[in-house]
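Engineer: Structure, please.
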Amino acid sequence: MQTVKIVVTGPFNAGKTEFIQSVSEIDVVSTEKKITSQKEKVKESTTVAMDFGRITVDEDLVLYLFGTPGQKRFDFMWEILSEGMLGFIVIVDSNRPETFREARMILETFRAYAPTPYVVAANKQDLPDAWDIEDMRVALRLDPSIKFLPCVAVDKESVKSVLLELLYSILSEMDEG
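Structural biologist: Numbering: from 1, shown residues only. Okay, here's the model as predicted:
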C-alpha cells in the first residue's frame, strides 16, 4: 500500500477545509478556532494548525490530505506540514481578487519548501462573480505550463478531478525519476 501526502494550501477563507471535507472518507480532523470578524461582526472559524483527511484511491493507494491555516499568523505551520509532501494544491478564491497576491506568495513559499508537483485550483467557480480562469492566470502570473483548474470545493466530483490532476503529475514525476 502506497500513501501519498498532499498539502492543501491557500489564503484565508479560500475553501481549503471544505475541499478536504468534500472527499475525506474519515471525519476531518480539524483545528478550528472561532474568530470574530471586526468588519462584519460575524462569528466564523479559522484553521489554526491543520485539517487532516484521507481518501482511498484503490487498494494500492491512499491519499493523506493536510490543509494548512490560511492566516499569516499561523504560517509557521506551513513548513512543518510541507515535510514529506509529494505534491500540493493552492486554492484561490475566484471571487476575491484582493487575495490573488497572497495566493501567489503562498505558492512561491511552498515551491521553496520542496520541488514537488503542484496544481492551482480556482475555487468558487460556480458563483456569478467568479473571475474567468484565464484572467485569473494572468493576475496570478501563472506560467501556461502550470495546471490551473476550475473548482467548487463543496462538490466532491470537482475536488476529485483536482486531486487526480495532481496525482497524475506526481506519478509522472515518479516514473521519470
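Engineer: Helices of the chain, residue ranges please.
Structural biologist: 16-23, 76-82, 100-113, 133-139, 156-176 (DSSP state H).
Engineer: The last one to helix 16-23, inter-axis angle?
Structural biologist: Compare the direction of helix 156-176 with that of helix 16-23 by axes from the mean of the first three to the mean of the last three CA atoms, to 10 degrees and you get 90 degrees.
Engineer: could the helices of the chain go into TSV alongside mean pLDDT?
Structural biologist: TSV is the format used below for these (pLDDT from 0 to 100):
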stretch	mean pLDDT
helix 16-23	95
helix 76-82	89
helix 100-113	95
helix 133-139	96
helix 156-176	92
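Engineer: Could you look over those and pick the most buried one?
Structural biologist: Stretch with highest mean neighbour count among the helices of the chain: helix 16-23 (a mean of 23; mean count of other CB atoms under 10 Å). To be clear about C-beta, it is placed using only N, CA and C from the backbone, and glycine gets the same treatment.
Engineer: Mind giving me the packing neighbours of that helix?
Structural biologist: Packing partners of helix 16-23 (3 or more CB pairs under 8 Å, 6 or more residues apart in numbering; DSSP states H and E): strand 2-9, strand 43-58, strand 61-67, strand 87-93, helix 156-176.
Engineer: For that helix, which outside residues touch it?
Structural biologist: 8-10, 28, 30, 32, 47, 51-53, 55, 65, 67-68, 70, 89, 91, 121, 123, 151, 153-156, 158-160, 162-163 (CB atoms under 8 Å, 6 or more residues apart in numbering).
Engineer: Would you write a ChimeraX line that selects the buried entries of those residues?
Structural biologist: Entered in ChimeraX, the line below selects the buried ones among those, by 16 or more other CB atoms under 10 Å:
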select :8,9,10,28,30,47,51,52,53,55,65,67,68,70,89,91,121,123,151,153,155,158,159,162,163
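Engineer: pLDDT score assigned to residue 32?
Structural biologist: What the model reports for residue 32 is a pLDDT of 64.
Engineer: Report the contact partners of residue 11.
Structural biologist: 70, 92, 93, 96, 99, 102, 103, 106.
Engineer: Which pair of those spans the longest distance?
Structural biologist: Farthest apart among the contacts of residue 11 by CB to CB are 96 and 106. That separation is 13.7 Å.
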